[in-house]
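S.K.: Model the structure of this input:
(one chain, ligands or ions: 1)
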Amino acid sequence: MVQDAPILVWFRRGDLRLSDNPALRAASEKGRPVLPVFLRDEVVERVGAAALWRMGLSLESLQHDLERFGSRLILRTGAADACIGALIAETGATAIYWNRAHDPASRQRDTGLKAKLKEQGVEARSFDGNLLFEPWRTKNKSGQPYKVFSPMWRAQAQQPVMEPVGVPRRLQPPSDWPETETLAGWALAQGMERGESILAKRVKAGETAARDRLEEFLDHGLDRYKDGRDALAQDGCSGLSPFLANGEIGIRQCWHAAMLRDHAGASGAQPFLRQLMWREFSWHLLFHWPELETRCWRPEWERFPWNPDENRSEIRAWKRGRTGVELVDAGMREMMVTGLMHNRARMVVASYLSKHLMADWRIGRAWFERHLIDWDAANNAVGWQWVAGCGPDASPYFRIFNPDLQATRYDKKGSYRHRWIAEGQANPPETALEFFEACPAAWKLSARDPYPAPVVALEDGRRAALDGLERFREQAPA
Ligand SMILES: Cc1cc2nc3c(=O)[nH]c(=O)nc-3n(C[C@H](O)[C@H](O)[C@H](O)COP(=O)(O)OP(=O)(O)OC[C@H]3O[C@@H](n4cnc5c(N)ncnc54)[C@H](O)[C@@H]3O)c2cc1C
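M.R.: Below is the predicted model of the structure:
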């Protein structure tokens, strides 16, 4: 009987939660058995090592949350259409619901699958659960997608954002559960070299932890956010990015909670909402320009004399936190130890790579993709293109961050560098020493090594970058 047939609810990285989950909520309201599913499919296979490991913690937490409802999470590996086809055949499901993902690979997969399922008479419904506004509905005054952040912020911040839907009241289990693979069997930490145990010390995962983090930040961090968000050594940001990347909290939940504080007069609410809108802007761009991760948004920048050679010793030094430029090295080491990097440091290390070292920004984008636990396809691509100067609304290429000046301004007392760089300190803090445990053994790094001399003198690097810009401008068509 169709009215008793199960509905598959397909969770993805980006919506691993029970609240503010429109697909799950809609399925639960049908009064039919609900079968939650997560696939290790072609899209998941692309996720970098650290983010994949972090996603495993999310899935573990989601499993527990579902079990509290008498439900389960069915895990399968393989191409999405084969896995879904098999589950339909095994369970008699006649419908599948999911929340839309907006990265190009997911869109391609979902569009093909939806058409195929419809042909087979299966109800395939998608919901908007991952953004404040669906990107095809958001248009500038000329009816075009936004290319510049500020007008989008001014216009969209005034638009009503859908209220988050609540946790389902009940999840009716199917009469028989299909077979599931196990998270242990998936061994999601496999690609992590040595970093897993170090990262694990600091990571909290899951929907409850995400909500706690948001409340803690709103109660104790929001008022300091405007000035504190740039201070490298302070815990001045929300720390929500890994929760958002996995969808343990919904963006609409964050937005509405911050709006309430804004209405109550909290001074940091507007700057925080603005950053949430940057995430929205990034996804808006990736939706409308699906090549954003791999191609310069400004096509003429493909002719910029980036150096594509990833095997240069300077690039190796950048990856290993051994450039001899303290702020750059501190940022890169923070990422190795925590899977995260302060936003200011992300900008500095990205500028150093794409300008002082003239490396192709895609080398950095891919390295972040492998090492960040908050990896987000849109934020990462837009962040890199913004810094490298080839994206929409980008910082101009001639704006070259001077890491030493940035350190003077945003790490006045040197606490951030002290926290992450052990060499030369009589009693380095644990954080600085952990870098040597977290990085691959093959790098053969030791805290007892002398700190390296700069691989490029900052002034030489800046000059070379500006010369590159001049050559590029001379040969670019008018
Ligand atoms: C080169 C580069 C790469 C980046 N890669 C990523 C990435 O892979 N994943 C990621 O989530 N962010 C990325 N960012 C953006 C930003 O650095 C992080 O979102 C931020 O540091 C996360 O910390 P938080 O949650 O405490 O931020 P908060 O300052 O508390 O901000 C709250 C939320 O707003 C959003 N946000 C904040 N700043 C930005 C921004 N500049 N662009 C887009 N959204 C923003 C994020 O969702 C963030 O979680 C990148 C930035 C740069 C310059």
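S.K.: From now on I want contacts and neighbour counts done on CA atoms only, so please keep to that.
M.R.: Will do.
S.K.: the helices in the stretch 1-150 of the chain, which residues?
M.R.: In the stretch 1-150 of the chain, helices defined by DSSP state H, counting those that start in this stretch lie at 22-28, 49-67, 80-91, 104-119, 149-156, listed in chain order.
S.K.: Could you dump those into JSON lines and include distance to His371 and mean neighbour count?
M.R.: What follows is the helices of the stretch 1-150 of the chain, written out as JSON lines (distance: least, C-alpha to C-alpha, whole Å; neighbours: other C-alpha atoms under 10 Å):
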{"stretch": "helix 22-28", "distance to His371": "30", "mean neighbour count": "23"}
{"stretch": "helix 49-67", "distance to His371": "5", "mean neighbour count": "22"}
{"stretch": "helix 80-91", "distance to His371": "26", "mean neighbour count": "16"}
{"stretch": "helix 104-119", "distance to His371": "20", "mean neighbour count": "15"}
{"stretch": "helix 149-156", "distance to His371": "27", "mean neighbour count": "16"}
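S.K.: Ok, which of these comes nearest the ligand?
M.R.: With C-alpha to the nearest ligand atom as the measure, helix 49-67 is the member of the helices of the stretch 1-150 of the chain nearest the ligand (9.5 Å).
S.K.: could you say what helices and strands that closest one packs with?
M.R.: Contacts of helix 49-67 with other secondary structure elements, assessed using 3 or more C-alpha pairs under 8 Å, 6 or more residues apart in numbering; DSSP states H and E, are made with helix 361-371.
S.K.: how far is the helix it packs on from where the chain is centred?
M.R.: Offset of helix 361-371 from its chain centre (C-alpha atoms, centre = their mean, to the nearest Å): 12 Å.
S.K.: Now it: buried residues?
M.R.: Trp361, Arg362, Ile363, Gly364, Arg365, Phe368, Glu369, Arg370, His371 (16 or more other C-alpha atoms under 10 Å).
S.K.: what's the answer for stretch 338-346, then?
M.R.: Along stretch 338-346, the positions that meet the burial threshold by neighbour count (16+ other C-alpha under 10 Å) are Thr338, Gly339, Leu340, Met341, His342, Arg344, Ala345, Arg346.
S.K.: ok, Trp98 to Lys201 distance?
M.R.: When distance is defined by C-alpha to C-alpha, to the nearest Å, Trp98 is 33 Å away from Lys201.
S.K.: So between the two, which is more surrounded?
M.R.: For Trp98 and Lys201, the more surrounded residue by other C-alpha atoms under 10 Å is Trp98, and the numbers stand at 25 against 10.
S.K.: Give me every residue in the stretch 251-400 of the chain lying close to the ligand.
M.R.: Within the stretch 251-400 of the chain, the positions lying close to the ligand (C-alpha under 6 Å from any ligand atom) are 275-276, 278-279, 342-343, 346-347, 350, 374-376, 379-380, 383-384.
S.K.: can you tell me which two in the residues you listed are farthest apart?
M.R.: Put simply, by C-alpha to C-alpha the two of these set farthest apart are Leu276 and Ala350, 21.1 Å from each other.
S.K.: of those two, who's got more company?
M.R.: Set Leu276 next to Ala350 and count neighbours by other C-alpha under 10 Å: Ala350 wins out with 27 against 19.
S.K.: Count the neighbours of Met326 for me.
M.R.: Rather than Met, residue 326 is Glu. That count, for Glu326 with other C-alpha under 10 Å as the rule, works out to 23.
S.K.: ok, Glu398 - contacts?
M.R.: Check again: residue 398 is Phe, not Glu. With contacts defined as C-alpha atoms under 8 Å, 6 or more residues apart in numbering, the neighbours of Phe398 are Leu466, Leu469.
S.K.: Go again with 6 Å.
M.R.: Going by C-alpha atoms under 6 Å, 6 or more residues apart in numbering, Phe398 touches no other residue.
S.K.: ranges for the strands of the protein?
M.R.: With DSSP state E as the criterion, the chain has strands at 7-11, 34-40, 74-77, 95-99, 123-127.
S.K.: and Met341, what are its phi and psi?
M.R.: phi -150, psi 140 (degrees, to the nearest 10).
S.K.: isn't it right up against Met335?
M.R.: Yes. In terms of C-alpha atoms under 6 Å, Met341 counts as a neighbour of Met335; the distance is 5.1 Å.
S.K.: Check the average confidence over stretch 427-446, would you?
M.R.: In this model, stretch 427-446 carries a mean pLDDT of 96.
S.K.: nope, stretch 59-75 is what I was after
M.R.: Per-residue scores along stretch 59-75 average to 98.
S.K.: and it, how far from the chain's centre?
M.R.: Using C-alpha atoms, centre = their mean, the distance from the centre of stretch 59-75 to the centre of the chain it belongs to is 23 Å.
S.K.: Next: stretch 151-166.
M.R.: On the basis of C-alpha atoms, centre = their mean, stretch 151-166 sits 21 Å off its chain's mean C-alpha point.
S.K.: Next: stretch 411-419.
M.R.: Between the mean C-alpha location of stretch 411-419 and the chain-wide mean there is a distance of 26 Å, by C-alpha atoms, centre = their mean.
S.K.: end to end, how far does it reach?
M.R.: End to end - C-alpha to C-alpha - stretch 411-419 spans 11 Å.
S.K.: And the residue nearest to Glu293 when sequence neighbours are not counted, how far from Arg13?
M.R.: Counting by C-alpha to C-alpha, 6 or more residues apart in numbering, Ala381 is the residue found nearest to Glu293 once chain neighbours are left out, at 5.1 Å. Per C-alpha to C-alpha, Ala381 is found 18 Å from Arg13.
S.K.: Neighbour count for those two, which is higher?
M.R.: Taking other C-alpha under 10 Å, Ala381 and Arg13 do not tie; Ala381 has more neighbours (29 against 23).
S.K.: need the buried residues of helix 361-371 in CSV with distance to Val161, can you?
M.R.: As requested, those are arranged in CSV below (distance: C-alpha to C-alpha, whole Å):
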residue, distance to Val161
Trp361, 34
Arg362, 34
Ile363, 36
Gly364, 34
Arg365, 31
Phe368, 31
Glu369, 30
Arg370, 33
His371, 33
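S.K.: Just give me the closest of those residues to Gly391.
M.R.: Taking C-alpha to C-alpha as the measure, Gly391 sits nearest to Trp361 out of these, at 11.0 Å.
S.K.: How about the contacts made by the closest one?
M.R.: By C-alpha under 6 Å, 6+ apart, the contact set of Trp361 is Ser354.
S.K.: hang on, the earlier thing: and the strands of the chain as TSV, adding distance to the ligand?
M.R.: Below are those laid out as TSV (distance: least, C-alpha to the nearest ligand atom, whole Å):
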stretch	distance to the ligand
strand 7-11	19
strand 34-40	20
strand 74-77	25
strand 95-99	18
strand 123-127	20
